[in-house]
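> Show me how the following folds:
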Amino acid sequence: MPLKNKMFRLAYRLLSNWQEAEDTVQETYLKIWNMRNDLKKYNNVDGLLMTMTRNLCLDKLKSKKNKFSSLDTRVNAANTISPQRQSEIADDVHHVKQLINKLPEQQKTIIQLRDVEGYEFDEILNITGFDLNYVRVNLSRGRKKIKEEIQKIHSYETT
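Here you go, the predicted model:
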């Protein structure tokens, strides 16, 4: 279960629900357990697990027409940061998470895998099955959209 935390973070980012994310990870492990004798056929079992997790999440989103709830905004800040700055950071993190959740599913998945989980492009290609140019374009568009929205928020706060 070495990938449990990464799988959970991906599921939580896509589903925005702690319990559903845990259930999805358990379902993925159950599926992988049932196919344990066939795992030798796969070159990248980690990629298989992440792909299965992603697909289960997308299935849940499609079947339930799940409404996204606001995410947890806890930020672990160092003691040297003032309470005011900690609050500002927490607000920024909250805004970024909300903006990520508003992105189209493909952009959301790619940003989660690349910027949050730290996967390399070749790993993202294996997990998603997307083309490299498609991944790069959607990553760029997603980041650009988030940047523009954060700039709008910050310009509003300073005026």
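> Please name the nearest non-neighbouring residue to the spatially most central residue of the chain.
The residue lying closest to the centre of the chain (CA atoms, centre = their mean) is Q112, at 3.3 Å. Spatially, and ignoring its direct neighbours in sequence, Q112 is nearest to R13 (4.4 Å; CB to CB, 6 or more residues apart in numbering). Using the backbone N, CA and C atoms, a C-beta is placed for each residue, glycine as well.
> just checking, the residue nearest to the centre of the chain touches F8?
No. Q112 is beyond contact range of F8, at 11.8 Å (criterion: CB atoms under 8 Å).
> buried ones in stretch 127-135?
Within stretch 127-135, the residues scored as buried using 16 or more other CB atoms under 10 Å are I127, T128, F130, V135.
> From the contact counts, what lies against the helix ranked longest in the chain?
If you go by DSSP state H, the chain has its longest helix at helix 132-158. With contacts defined as 3 or more CB pairs under 8 Å, 6 or more residues apart in numbering; DSSP states H and E, the packing partners of helix 132-158 are helix 83-102, helix 105-111, helix 121-128.
> tilt between it and helix 121-128?
100 degrees (axes from the mean of the first three to the mean of the last three CA atoms, to 10 degrees).
> domains for this structure, by residue range?
As assigned by automatic domain parsing, the chain contains the domains 4-64, 83-158.
> For the ones you listed, give me a markdown table that also has mean pLDDT.
Below are the domains of the chain laid out as a markdown table (pLDDT from 0 to 100):
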| stretch | mean pLDDT |
| --- | --- |
| domain 4-64 | 87 |
| domain 83-158 | 85 |
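> quick one, what contacts Q112?
Contacts for Q112 were tallied using CB atoms under 8 Å, 6 or more residues apart in numbering; they are R9, L10, R13, L14, I100.
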